[in-house]
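**Q** Next input, structure requested:
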Amino acid sequence: MKKIVVTLLVTVAIISAATAQTFTLKSNDLGGQMTQKQFANGFGCTGGNMSPELHWENAPAGTQAFAVTMYDKDAPTGSGFWHWVVYNIPANVMSLKADAGNFSGKNLPDSAVNGGNDGNAPGFIGACPPVGDGPHQYLITVYALKSKLKLDKNASAAYIGFMIHFNALDQASIVAYGKR
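**A** Here you go, the predicted structure:
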């Protein structure tokens, strides 16, 4: 009888682990490629400069806030390019609508903060890889944070990323490519 109970408990544990939901990021605007809406309107590009719609699910227990970043590791800077850093998204918010990253900040949920991007402005700056440079990978990541971030409004994107890293419970990413 004892063996049967132990076997049943182990089976339930294995099934529970196999069916556990993972923290996941999705977008209705991106299908693997940046669209003209997500390209910059500047630096030689003529896009819509709109951050994509994003939604996530299955955040880990204990999540107190979220942060979202968009980073281009292929930018010809020697250190990549932070296109967007938004943090202190309330824990009960599981999505950002298209254009949430506009420079006005009016499309963000209450208490969320558009951090500065590498273009030295708070908000989203769209993709704009150099002509002929090949496809760039734009890594968009949502982080579940164990606490809200207390940062100076002029904090750099790299510093915000550092603070996100040390406050993250989990993260989920998608990659979209863009080229001209």
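
**Q** show me what contacts the residue nearest to residue 96 when sequence neighbours are not counted?
**A** Residue nearest to residue 96 in three dimensions, not counting chain neighbours: residue 54, with 4.8 Å by CB to CB, 6 or more residues apart in numbering. No exception for glycine: its C-beta is placed from N, CA and C like everyone else's. Neighbour list for residue 54: 25-27, 68, 95-96, 100, 140, 142 [criterion: CB atoms under 8 Å, 6 or more residues apart in numbering].

**Q** tell me the two of these that are most distant?
**A** Within the contacts of residue 54, 26 and 100 form the most distant pair, 15.0 Å apart (CB to CB).

**Q** got a pLDDT number for residue 5?
**A** As predicted, residue 5 sits at a pLDDT of 42.

**Q** Revised request: answer the last question for residue 43.
**A** With respect to pLDDT, residue 43 scores 85.

**Q** Between residue 26 and residue 100, which has more neighbouring residues?
**A** In this view residue 26 and residue 100 are compared by other CB atoms under 10 Å, and residue 100 has more residues nearby, 25 against 14.

**Q** That one reaches residue 50, doesn't it?
**A** No: counting by CB atoms under 8 Å, residue 50 is not a contact partner of residue 100; they are 9.0 Å apart.

**Q** For these two, list the residues in contact with both.
**A** By CB under 8 Å, 6+ apart, residue 100 and residue 50 have these common neighbours: residue 124.

**Q** Which phi and psi values does the residue nearest to residue 96 adopt?
**A** Per-residue torsions, residue 54: phi -130, psi 140 (degrees, to the nearest 10).

**Q** Check residue 164 too.
**A** Phi and psi for residue 164, reported as degrees, to the nearest 10, are phi -60, psi -50.
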